[in-house]
Structure formats: structure tokens, C-alpha cells
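A.B. asks: got a predicted model here, sequence first, then my questions.
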Amino acid sequence: MKTGINLIAQERKEQLEKHNRKIEDDVYDNCNGELMQGALALLTTSINFPSWWDEDNCVRMNNKPLKERIVIAGALLAAELDRLIMVEESAKQQS
């Protein structure tokens, strides 16, 4: 049986490898909480996806069953952590 953390890790791996997302891209493209906003949009109807995200992808994600939306939301939060870590590491290297 796969656990929640296994499912989230698998989804995060797909974001990076299958969908060719890069942490560096998120540092620049999603630096204002968009990854957290996307995660919340998957979990609640009161939050919208970031306006510049691809609408078709957002609709596809939002139409998935709850369990899959939770997994994607977890992976988006992991992406936000990756982004924050990269920003912190970059700041350390510059000082």
C-alpha cells in the first residue's frame, strides 16, 4: 500500500520530470505564493488558481477526485518548500 507521502513524492517527481518543471522557474514565476494558492484552490472552492496559470491545466486538476487533488496540493506545497530552500541557499552563497 502506498502512503500519502509516497503519493505526494511520486506526484512531485512527475512535476519535475514528466512536466519538466524546474525549481529555478518557480523561484521567478511563483514567488508570490502562487504554489500555495494553487494547492488551496485544489482543496477549497473559495480560492482561485493564480490568474496566469494555464486554465486548461487548472480545470483538469480541479476535475480530479478529492484524493488526487490532495496529492497534487501536497506536491505543490513541496514545490513551494523547494523554492524557499533554493532562495535561502542562494542568499547564503551571496553573503
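C.D. replies: Thanks, I have it.

A.B. asks: could you use CA atoms for every contact and neighbour count after this?
C.D. replies: OK.

A.B. asks: now the nearest residue to G33 once chain neighbours are set aside, what's its secondary structure?
C.D. replies: Nearest non-adjacent residue to G33, counting by Cα to Cα, 6 or more residues apart in numbering: E80, 8.0 Å away. In the three-state summary, E80 is assigned as helix, counting by DSSP: H, G, I helix; E, B strand; the rest coil.

A.B. asks: likewise W52?
C.D. replies: Following three-state DSSP, W52 is assigned to coil.

A.B. asks: re the thing from before, the residue nearest to G33 against A39, yeah?
C.D. replies: No. At 9.9 Å, E80 and A39 do not qualify as touching, with contact defined as Cα atoms under 8 Å.

A.B. asks: quick one: the helices in the chain?
C.D. replies: With DSSP state H as the criterion, the chain has helices at 4-17, 23-29, 34-43, 55-62, 66-94.

A.B. asks: winner for burial among those helices?
C.D. replies: With neighbours taken as mean count of other Cα atoms under 10 Å, those reach their highest mean count in helix 34-43, at a mean of 21.
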